[in-house]
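3D, please:
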Amino acid sequence: MGNAFSNCLCKKHRIGSLREITLLMIGLDNAGKTCTVKHLLG
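The predicted structure is shown next:
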């Protein structure tokens, strides 16, 4: 799953333009949702 996120981040840098997206994270308690979102936001 982490590999999928890193692929998205690489594609974002290649395109050069940023666009606003909405991301819905659903999962179990203490599953790392907050950590993943903070990593994506930089």
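
Quick one: classify residue 35 as helix, strand or coil.
Following DSSP: H, G, I helix; E, B strand; the rest coil, residue 35 is assigned to helix.

in the protein, which spans are strands?
For the chain, applying DSSP state E gives no strands.

any low-confidence regions in it?
1-17 (pLDDT under 70).

Could you pull out the helices in it for me?
Under the criterion DSSP state H, helices of the chain are mapped to 2-15, 33-41.

burial measure for residue 41, as a count.
7 (other C-beta atoms under 10 Å). (Glycine included, C-beta is placed from N, CA and C.)

Kindly report the same for residue 32.
13.

Distance-wise, check it relative to residue 39.
The gap separating residue 32 from residue 39 is 9 Å, by C-beta to C-beta, to the nearest Å.

just residue 27 next, same as before
From residue 27 to residue 39 the distance is 15 Å (C-beta to C-beta).

So which of those two has more stuff around it?
Applying other C-beta under 10 Å to residue 27 and residue 39 shows that residue 39 carries more neighbours, namely 13 against 9.

any idea how far residue 20 is from that one?
18 Å.

do the same with residue 31
Following C-beta to C-beta, the distance that separates residue 31 from residue 20 is 25 Å.

neighbour-wise, which of these two wins?
residue 31 (11 against 4).

Please name the spatially closest residue to residue 27 (chain neighbours excluded).
Excluding the flanking residues, the one nearest residue 27 by C-beta to C-beta, 6 or more residues apart in numbering is residue 33, at 5.0 Å.
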